[in-house]
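> everything below, folded, please.
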Amino acid sequence: MDELVELLGESRRERFAYASNAVQDKEKLRQGLQMWLSFWRDVLIYCAGVNRSITNIDYARQVEMLASAIGMNEAQRQVKAIERLMEQLDRNVNARLALEVLLMDFPRINIVA
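Sure, this is the predicted structure:
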C-alpha cells in the first residue's frame, strides 16, 4: 500500500520504472492490485460520505486527502481501471503496457504521511 501512496506523488519516469519492475512477478502484481483496489474503494467510500466504512484504517488520512482532492467521479474511474486491468491480465495482455497505462492515469498528488 505504501508503494501506491508514494507512486501518486511520483513523476512519469518513476511510474514507468515501477511498472517495469512490478511485472516481473505476476502473482505479486495481482496481489498488489488487489490491495490498490481496496485503497481506491476506500477513497470512493469516503467520497460518498461513509468514512467509517473504510477497510484500510492505517491509511485513513491519505484516503481522506485523496478523496478531497479528486472527488467521487475520479475515484470511481480509478476503481474501474484497476478492475479492468485485472481482467486484462487474465486475458494475457502485455502486463507492462497495461500497468503503465493505469499508472499514467493515476492522479499526481503527494499524500505521503
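> quick one: pLDDT of residue 113?
pLDDT for residue 113: 60.
> which residue packs closest to the most centrally placed residue in the chain, ignoring adjacent ones?
Centrality entry for the chain: nearest residue to the mean C-alpha point is residue 36, 4.4 Å, by C-alpha atoms, centre = their mean. Spatial nearest neighbour of residue 36, excluding adjacent residues (C-beta to C-beta, 6 or more residues apart in numbering): residue 4 at 5.1 Å. Glycine gets a C-beta too; all of them are placed from N, C-alpha and C.
> that neighbour against residue 42, yeah?
No - assessed by C-beta atoms under 8 Å, residue 4 is found out of contact with residue 42, at 11.3 Å.
> just the helices in the protein please.
2-7, 12-22, 26-47, 60-90, 95-105 (DSSP state H).
> circling back: neighbour count winner among residue 4 and residue 42?
residue 42 (25 against 19; other C-beta atoms under 10 Å).
> contacting residues for that one?
By C-beta atoms under 8 Å, 6 or more residues apart in numbering, the contact list for residue 42 reads 54-56, 59, 63.
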